[in-house]
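A.B. asks: Turn this into a model:
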Amino acid sequence: MTATPPQALVDELGRLGSAGRRRAAAAAASMIAGDVSAAVPFVDPVPVAVGAEAWAELTAGLVQRVRLLDALYADLYGPRTVLSTDVAPIAELLSDPAYLRVATGIPSRGSHHLLAVTTTVTRTVDGAWVVLEDSVDVPEGAGTTLELRRVLSRCAPTLYRSTPLRRLHPFFDAVRTSLHHRTRTDGRVGRTVVLTADTDDPLRAFDHSWMANLLGAPVVSVGDLRTGSGALTLRLPGLDSDPGDTVDAVLRLAPSPLLDPLDLGPTPLGGVTGLVEAARCGDVEIFNPLGAGLLENPALRAALPDLCRQMLHEDLLLRPAEAGQGADLAAWLCLDPAGGDELVERPVRIQLLVMATDDGFEVLPGGVARTADDGPPALKDVWVTVPESSAVPDDGEPAPAAPESQHASPGRGALTASLAMTRSIGSDLFWFGRYLERVDSTARLLRTVLDTSNDLESERGRTAGIARSALLRAVTDVTATAPGFHDVDAGDPAAVRTEITSLLSDRHRPGSLAHAYVALAHTTRTLRDLVSDEIWPVIARMRRHFHGLGQQDSPPLEQGLTEIVDGCLTLSGAVADSMPRNLGWDLMEAGRKIERSLALLALLRAMLGRRQRRAVEAHVAAAVAAMTESGASYRRSYQAAVQPELLLELLLSDTTLPRSIAFQLDRLSRVLDRLPEVSPSPELRAPLTALRGRLASWDPHTLLAPVAGADASDGAPTALLAEADAAMDTLRELATALENRFFRPSESTSRWGVDDV
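C.D. replies: Numbers count the residues shown, from 1 in each chain. Here you go, the predicted model:
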């Protein structure tokens, strides 16, 4: 049997043609890879279209199935009457490690225990829907479903517009409203958080972050939560003595056994000590409840038809798939995985999400389909079509306003809940700012050195060779990638090219551009629910440029580095235009200003810290002016050729120059003034005060004079070397004080953080 799609869809697929379908597939895969920041399976732009009649049959079975699973959970973790019958697989249930006895008797605030269930179904050749598996402990699919729909609506807009189908956002609006009502306590808006665990699957991590975004809840890790007196609270940036914000509900996207080391045993996550007791006291509700993984037991799944008749007094509408049923599956139109021009038929597995609402359980009108044959795997969007005579709500159509008597205004409590800032989020924002500056400054450094080296290669004479060697050695000093160019003959083009390529593309080398970008991309993914969707195409383009750097038939390195600098500027602008100016913004800005100050001091130290002959210093100083975008300001201020002393004065003391040290310290002081303080914090103020005092005492001519007793020949050390080192140590002291105060030392540095590069 072949599933018959709507005629309008078939006609539009025909108008697209083979080339158009392939272009849509490539564009969709590129967009998803950009959003997920990782390679994903092939994206087939031909959707799995489910008609209204078939969808009604399927949703009826899914809702009944979740009602049954919900009743089973209530019984297995309550009176356990089902274990006294001969219907349930008693031995298999009691021996299942997913049966968490400590979760018995935990109360539920609503009429349902389960919030979300993901069910994977397929269709047989005779048109019947069968169930392959249920994901109850950690449901998923919401984020991937919405992403597929969003991507296909942009990559194949005519196909999307020509097909009347059910929209997705009204479903999440209903779920958010239901969750709001369920968590509201004592006349105040309840706070819900989404607890996630680190996963090696980028698509799953993306899905979990999107789920939090759709529900309007902050993402937290186990380190962001603590218990006390039965209550669960958020660890906010600041002192441990801060009581934190009360958490009323936890949507956990981490397996049950990993959440509480006190009642469930040691876990790889560490867990939240006392979480089970907090749930037992009724002060926090956990979705899905602890121990829900028991409902995934294969023996229980096989017994569901009999259990449905016993508990619901109904026949089970969706039967479990029988062993060996793979050859009897219905086929759906797909792109030819072999590259042919015609559409082919392939069986699929469809992942559908069911969630609790005020009216019971509701099925998300869409899902994620995956091909289920021996061919290359592909992802497909699931479209639920409606009769053309039916009204199809527009994506931008506002939800009808609820009567005021039914839905209380969220008021200030809801606003406060939306502004929750945990320690891990604060730490990620701080490091996001640092990594963004690190990528930008490293790309500017390498681009300018390559440009200047190309100019110097065309010159003859000893001066050009010395200047080129000085610039290359400065690259090693600034990036802290010694021995680097200190052991490379600047006159050997092959050796220089090898070292440059390593600095560009070796992601395992601390200090390299690729290493900094990997850290930036990783940290950005952890902030998915806080940043605009517009940044993901920027990240995707930057990744493509990184992959192309130094490759055969790739653009020149200088062009690739320019694209990366442009990407940093675009990313900075996108974040600035979309991010609210709250504590998170201040922490990110603190990270950016500290990192830019460190980078500038390292640059000045490496480029100007040793005296050279005037002709060499002219080349080096011009390169510094280009890297710091200070050439125009220098010309307006001094109207003279670039001289090291004058350039140093400009970069140290001009408070109007965005890349000067004085500008960074001025903005950093304003950020510190806005940070919340439970008590005076001299550990934050003292380093900045000391740094400003040191900066005020600097005189450019004195800094660039050779130190006493030094040989006045080329390469003589100056006072700038020691002064810059001391200033950088003070900046690191300030960064550490910020981390200790707001993130705790054990949580302050991400696994990607390297402070000395």
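
A.B. asks: For residue 436, give me its contacts.
C.D. replies: 520, 568, 571, 572, 592 (CB atoms under 8 Å, 6 or more residues apart in numbering). Every residue, glycine included, has its C-beta placed from N, CA and C.

A.B. asks: And residue 149, how close does it get to residue 168?
C.D. replies: 6 Å (CB to CB, to the nearest Å).

A.B. asks: shared neighbours of these two, which are they?
C.D. replies: Shared contacts of residue 149 and residue 168, counting by CB under 8 Å, 6+ apart, come down to residue 366.

A.B. asks: so of the contacts of residue 436, which ones are in helices?
C.D. replies: The helices, defined by DSSP state H, take in 520, 568, 571, 572, 592 from the contacts of residue 436.

A.B. asks: export those to CSV and tack on pLDDT and distance to residue 234?
C.D. replies: As requested, the ones in helices among the contacts of residue 436 are arranged in CSV below (pLDDT from 0 to 100; distance: CB to CB, whole Å):
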residue, pLDDT, distance to residue 234
520, 89, 26
568, 91, 32
571, 89, 28
572, 90, 29
592, 95, 25
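
A.B. asks: ok, those residues vs residue 434, which is closest?
C.D. replies: Set against residue 434, the nearest of these by CB to CB is residue 592 (7.0 Å).

A.B. asks: now the closest one, nearest residue through space, not along the chain?
C.D. replies: Leaving aside its sequence neighbours, residue 592 sits nearest to residue 433 (CB to CB, 6 or more residues apart in numbering; 3.8 Å).

A.B. asks: Just confirm the one you found is within a helix.
C.D. replies: Yes. Residue 433 forms part of a helix when assessed by DSSP: H, G, I helix; E, B strand; the rest coil.

A.B. asks: Any regions of the stretch 101-250 of the chain where pLDDT drops low?
C.D. replies: 185-188, 230, 238-244 (pLDDT under 70).

A.B. asks: do that again at 80, thanks
C.D. replies: The model of the stretch 101-250 of the chain has pLDDT under 80 over residues 154, 158-159, 161-162, 184-189, 198-203, 228-230, 236-244.

A.B. asks: before we move on, the earlier item: hang on, isn't the residue nearest to residue 592 packed against residue 595?
C.D. replies: Yes. Taking contacts as CB atoms under 8 Å, residue 433 lies within contact range of residue 595: 6.8 Å.

A.B. asks: Name the residues that touch stretch 331-347?
C.D. replies: By CB under 8 Å, 6+ apart, stretch 331-347 touches 1-3, 5, 13, 18, 21-22, 25, 42, 44-46, 48, 122, 326, 329-330, 348, 369, 371-373, 375-376, 378, 380.

A.B. asks: How about stretch 620-629?
C.D. replies: Contacts of stretch 620-629 (CB under 8 Å, 6+ apart): 441, 444-445, 448-449, 451-452, 467, 470-471, 474, 600, 603-604, 607-608, 612, 631, 634, 642-644, 647, 651, 658-660.

A.B. asks: Only the buried residues of that stretch, if you could.
C.D. replies: Residues of stretch 620-629 classed as buried by neighbour count (16 or more other CB atoms under 10 Å): 620, 621, 622, 623, 624, 625, 626, 627, 628.

A.B. asks: I'd guess the fifth one is in a strand, am I close?
C.D. replies: Okay, so that is residue 624. No. Going by three-state DSSP, the assignment for residue 624 is helix, not a strand.

A.B. asks: Return the per-residue confidence for it.
C.D. replies: Here, the pLDDT recorded for residue 624 equals 94.

A.B. asks: Could you grab the helix/strand/coil label for the closest residue in space to residue 643 that isn't next to it in sequence?
C.D. replies: With CB to CB, 6+ apart as the criterion, residue 643 has its nearest non-adjacent residue at 6.6 Å, and that residue is residue 621. Look at residue 621: counting by three-state DSSP, its state is helix.

A.B. asks: Present the ones in helices among the contacts of residue 436 as a markdown table; the columns should include distance to residue 304 and neighbour count.
C.D. replies: Shown next, in a markdown table, are these (distance: CB to CB, whole Å; neighbours: other CB atoms under 10 Å):
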| residue | distance to residue 304 | neighbour count |
| --- | --- | --- |
| 520 | 47 | 24 |
| 568 | 54 | 21 |
| 571 | 49 | 23 |
| 572 | 53 | 17 |
| 592 | 55 | 24 |
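
A.B. asks: ok, back up a step: among the contacts of stretch 331-347, which are in helices?
C.D. replies: Secondary structure assignment (DSSP H) places 13, 18, 21, 22, 25 from the contacts of stretch 331-347 within helices.

A.B. asks: What is the burial count for the third one?
C.D. replies: A total of 21 residues lie near residue 21 under the criterion other CB atoms under 10 Å.

A.B. asks: ok, now which ones touch it?
C.D. replies: Contacts of residue 21 (CB under 8 Å, 6+ apart): 13, 45, 46, 335.

A.B. asks: ok so, going back, for residue 140, state which of the contacts of residue 436 is nearest.
C.D. replies: residue 520 (26.1 Å).

A.B. asks: Quick check: that closest one vs residue 567, distance?
C.D. replies: Taking CB to CB, one finds residue 520 at 10 Å from residue 567.

A.B. asks: what do you get for residue 181?
C.D. replies: In terms of CB to CB, residue 181 sits 43 Å off from residue 567.

A.B. asks: So which of the two has more stuff around it?
C.D. replies: It is residue 567, of residue 181 and residue 567, that has more neighbours when counted by other CB under 10 Å, with 25 against 15.

A.B. asks: who's in contact with the more buried one?
C.D. replies: 538, 541, 542, 545 are the contacts of residue 567 under CB under 8 Å, 6+ apart.

A.B. asks: now with 10 Å?
C.D. replies: 439-440, 443, 517, 535, 537-546 (CB atoms under 10 Å, 6 or more residues apart in numbering).

A.B. asks: Quickly find the element holding the residue lying closest to it once chain neighbours are set aside.
C.D. replies: In space, and not counting its chain neighbours, residue 567 is closest to residue 542: 4.1 Å by CB to CB, 6+ apart. Secondary structure assigned from DSSP states H and E places residue 542 in helix 535-548.

A.B. asks: Show me which residues of that helix are buried.
C.D. replies: 535, 536, 537, 538, 539, 540, 541, 542, 543, 545, 546, 548.

A.B. asks: Wait, the second one touches residue 524, no?
C.D. replies: Yes. With contact defined as CB atoms under 10 Å, residue 536 and residue 524 form a contacting pair (8.6 Å).

A.B. asks: before we move on, the earlier item: for the ones in helices among the contacts of residue 436, which one is nearest residue 266?
C.D. replies: Taking the ones in helices among the contacts of residue 436 together and measuring to residue 266 by CB to CB, the closest member is residue 520, at 33.3 Å.

A.B. asks: Go ahead and confirm that closest one touches residue 507.
C.D. replies: No. If you go by CB under 10 Å, residue 520 and residue 507 don't touch, sitting 11.5 Å apart.

A.B. asks: neighbours of residue 70, just the number please.
C.D. replies: Neighbour number of residue 70 under other CB under 10 Å is 23.

A.B. asks: again, but for residue 147
C.D. replies: Neighbours around residue 147, by other CB under 10 Å: 26.

A.B. asks: Measure how far stretch 146-162 is from the centre of its chain, please.
C.D. replies: 23 Å (CA atoms, centre = their mean, to the nearest Å).

A.B. asks: Check which helix or strand the residue nearest to residue 545 when sequence neighbours are not counted maps to.
C.D. replies: Of all residues not flanking residue 545 in the chain, residue 563 sits nearest, at 4.6 Å (CB to CB, 6+ apart). Here residue 563 is covered by helix 557-578, with elements defined by DSSP H and E.

A.B. asks: buried stuff in that helix?
C.D. replies: Of the residues in helix 557-578, those buried (16+ other CB under 10 Å) are 557, 560-565, 567-568, 570-572, 574-575.
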